[in-house]
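K.L.:
generate a structure from the sequence data that follows.
(one chain, ligands or ions: 2)
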Amino acid sequence: MNWDETGPDTDERLDERLVQADADGEDTAVEAALRPKDLDEFVGQEKVREQLDLVLKAARARGATADHVLLSGAPGLGKTTLSMIIAAEMGAPIRITSGPAIQHAGDLAAILSSLQEGEVLFLDEIHRMSRPAEEMLYMAMEDFRVDVIVGKGPGATAIPLELPPFTLVGATTRAGLLPPPLRDRFGFTGHMEFYAPTELERVIHRSARLLDVEIDVDGAAEIAGRSRGTPRIANRLLRRVRDYAQVKADGRIDRPVAAAALGVYEVDARGLDRLDRAVLGALLKLFGGGPVGLSTLAVAVGEERETVEEVAEPFLVREGLLARTPRGRVATPAAWAHLGLVPPQHGGKGQQGLFGA
Ligand SMILES: Nc1ncnc2c1ncn2[C@@H]1O[C@H](COP(=O)(O)OP(=O)(O)OP(=O)(O)O)[C@@H](O)[C@H]1O
Ligand SMILES: [Mg+2]
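P.N.:
Ligands and ions are numbered 1, 2, ... in the order given. Here you go, the predicted model:
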């Protein structure tokens, strides 16, 4: 499992993980084809969908442009997809850009001033916009106006520029990082949750149909259970299982085929991969379940601290397999059970357990 010093750096490693939630190159190419096109096709997220449906219907009934929408949630849960659906439901064109792409306020002014009436402006990773651009955006969102600064120094003048009404859809994986004045200017905030396994099954059946892959109910359930609550991962695992089914079986996916395929790719029944299991295994086998410090744990698995902390731990914590405590990392009883190990008995009363009390 070791990635030594000559191995790829963290970013490249992430690309190798089948269960990472961020998009890789292949996802980007396939995702367009798998994106639901309207709210009815969009699986799950009942609350956000219902609320958004009202917002959009009301705006349409008034013949008005929809309020600005903020979508927050972990990678791969459908923020970009939903922004495109908003535009489609409003019958409006969509312009796509992102926080990091807007370096200067001028970049934003150029985009804003070229919007058509009713257009949807999708601003991905909105938490990563520069400060001056952010301030320009406040005024644009509220008053549909920007001040374009002409000239430099004492002679500089601000020329106000009227904008047509538009709908800003902001997306962020880190809603907590948004300054309150920006957050407050959105008329509606939708928080995307991780998906239930049954919802992921529907995503998988739908994608299988679009990819022309034959899959049965149990096969889809097997993939869904390993997809970490994330449609992007579900779609990616489906593609890998399809490869396996074509090479090793007759192309059809059932539970044994899905389980065998994901076994080859080292994604276990709960969606943990090699790195996750290495971290958990070290915590249990070398440190008796902890508490152990992050650095020590990282050295034990031959990884950087950051990799363990940012790549492996969030999902282990979410799954209730590992806890971060002031004294260090601790395994939960579920972790022992998942790796099929028996926790050691500690002192006093626990000792009796050894003799089958
Ligand atoms: N509710 C859903 N129903 C069906 N498919 C979905 C749903 N949500 C997401 N997907 C699929 O998952 C993939 C990733 O979705 P999307 O790109 O919208 O995620 P995102 O939240 O924008 O991720 P990121 O934070 O990385 O930008 C897409 O291929 C999309 O088809
Ligand atoms: Mg996105």
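
K.L.:
going by C-alpha atoms from here, please, whenever you check contacts or count neighbours.
P.N.:
Fine.

K.L.:
tell me the secondary structure for the residue in the stretch 101-250 of the chain that ligand 1 sits nearest to?
P.N.:
Nearest residue of the stretch 101-250 of the chain to ligand 1, counting by CA to the nearest ligand atom: Arg232, 3.9 Å away. Three-state assignment for Arg232 (DSSP: H, G, I helix; E, B strand; the rest coil): helix.

K.L.:
and for Arg324?
P.N.:
strand.

K.L.:
looking at it, it is touching Arg318, isn't it?
P.N.:
No - Arg324 is beyond contact range of Arg318, at 11.2 Å (criterion: CA atoms under 8 Å).

K.L.:
so which of the two has more stuff around it?
P.N.:
Taking neighbours as other CA atoms under 10 Å, Arg324 and Arg318 compare with Arg324 leading, 16 against 11.

K.L.:
how is the protein divided into domains?
P.N.:
Under the assignment automatic domain parsing, the domains of the chain span 45-191, 197-264, 274-343.

K.L.:
nearest to Arg35, of those?
P.N.:
domain 45-191 (6.1 Å; CA to CA).

K.L.:
what about stretch 40-49, how long is it end to end?
P.N.:
By CA to CA, to the nearest Å, the extent of stretch 40-49 from end to end equals 9 Å.

K.L.:
would you mark the buried spots in that stretch?
P.N.:
By neighbour count on 16 or more other CA atoms under 10 Å, the buried set for stretch 40-49 is Phe42, Val43, Gly44, Gln45, Val48, Arg49.

K.L.:
around ligand 1, which positions in the stretch 1-150 of the chain sit nearby?
P.N.:
Contact residues, the stretch 1-150 of the chain versus ligand 1 (CA under 6 Å from any ligand atom): 22-23, 31, 34-36, 42-44, 74-81.

K.L.:
if any of these are buried, put those into a ChimeraX selection.
P.N.:
Filtering these down to the buried ones (16+ other CA under 10 Å) takes a single ChimeraX command:
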select :23,31,34,35,36,42,43,44,74,75,76,77,78,79,80,81
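
K.L.:
so of the residues of the stretch 1-150 of the chain next to ligand 1, which ones are in helices?
P.N.:
If you go by DSSP state H, those have Glu31, Leu34, Lys79, Thr80, Thr81 in helices.

K.L.:
can you add pLDDT and give these back as TSV?
P.N.:
Shown next, in TSV, are these (pLDDT from 0 to 100):
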residue	pLDDT
Glu31	85
Leu34	92
Lys79	96
Thr80	96
Thr81	96
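
K.L.:
burial count for Pro291?
P.N.:
Using other CA under 10 Å, Pro291 has 18 other residues around it.

K.L.:
does it really touch Pro326, like I thought?
P.N.:
No - using CA under 8 Å, Pro291 is not in contact with Pro326, being 9.1 Å away.

K.L.:
for the protein, which segments count as strands?
P.N.:
Here the chain has its strands, by DSSP state E, at 69-72, 94-98, 120-124, 145-150, 157-162, 167-172, 188-191, 322-325, 328-331.

K.L.:
residues touching the residue sitting nearest the centre point of the chain, list them.
P.N.:
Centroid-nearest residue in the chain, with CA atoms, centre = their mean: Pro75, separated by 1.4 Å. By CA atoms under 8 Å, 6 or more residues apart in numbering, the contact set of Pro75 is Ala21, Asp22, Thr173.

K.L.:
can I get these in CSV including pLDDT and distance to Ile215?
P.N.:
As requested, the contacts of Pro75 are exported to CSV (pLDDT from 0 to 100; distance: CA to CA, whole Å):
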residue, pLDDT, distance to Ile215
Ala21, 87, 23
Asp22, 89, 25
Thr173, 92, 32
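
K.L.:
just for this protein, where's the confidence low?
P.N.:
Along the chain, the model assigns pLDDT under 70 to residues 1-15, 346-357.

K.L.:
the same query, at a cut-off of 50, please.
P.N.:
Scanning the chain for pLDDT under 50 picks out the ranges 1-12, 347-357.

K.L.:
in stretch 201-219, what counts as buried?
P.N.:
Buried-residue list, stretch 201-219, by 16+ other CA under 10 Å: Glu201, Arg202, Val203, Ile204, His205, Arg206, Ser207, Ala208, Val213, Glu214, Ile215, Gly219.

K.L.:
the stretch 151-300 of the chain: helices as residue ranges?
P.N.:
Listed in chain order, the helices of the stretch 151-300 of the chain (DSSP state H, counting those that start in this stretch) span residues 180-184, 197-211, 217-225, 231-248, 255-264, 274-285, 294-301.

K.L.:
much appreciated, bye for now.
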